[in-house]
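Enquirer: generate a structure from the sequence data that follows.
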Amino acid sequence: HPGILRRRAAGNRPAGIEVREQRSLETQQARTADYMNDLLLLIQNRTSYSYDALQTDLDRIFKTTLDDLVKGNISQESFRTFIEVYNTVKATCDRPT
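Expert: Numbers count the residues shown, from 1 in each chain. The predicted structure follows:
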């Protein structure tokens, strides 16, 4: 029906779609938060890791998060937030303890 298409194009989406989008956003944010928590655990325990092991774990977390971005499991906004935390953690880990 043309009226429905116009309303949807104008941003009036059925409530079911908005609920699904909200759930998807919450899932993406939770997934990103898990990755950031993994980074924070690394930084908290960095003295118990060798430098190479720390870099390997940082790379693994980064690649997993990037893969989720490519698959659409996390949003670009969530990825940007992750990158800010990642860069801070990486810089901290690169400093001598």
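Enquirer: from Lys90, how far off is the residue nearest the centre of the chain?
Expert: Among the residues of the chain, the one closest to the centroid is Thr32, at 3.0 Å (C-alpha atoms, centre = their mean). Here Thr32 is placed at a distance of 17 Å from Lys90 (C-beta to C-beta, to the nearest Å). Where you see a C-beta, it was placed from the backbone N, CA and C, and this is true even at glycine.
Enquirer: the bottom helix or strand of the chain by mean pLDDT?
Expert: When each helix and strand of the chain is scored by mean pLDDT, DSSP states H and E, helix 2-9 comes last, with a mean of 47.
Enquirer: buried sites along the helix or strand that it is followed by?
Expert: Later in the chain than helix 2-9, the nearest helix or strand by DSSP states H and E is helix 15-44. Of the residues in helix 15-44, 28, 31-32, 35-36, 38-39, 42 count as buried by neighbour count, 16 or more other C-beta atoms under 10 Å.
Enquirer: again with stretch 74-92
Expert: 74-75, 78-79, 81-82, 85-86, 89-90.
Enquirer: starting at the chain centroid, how far to it?
Expert: Between the centre of stretch 74-92 and the centre of its chain there are 8 Å (C-alpha atoms, centre = their mean, to the nearest Å).
Enquirer: what mean pLDDT does that stretch get?
Expert: Averaged over stretch 74-92, pLDDT sits at 92.
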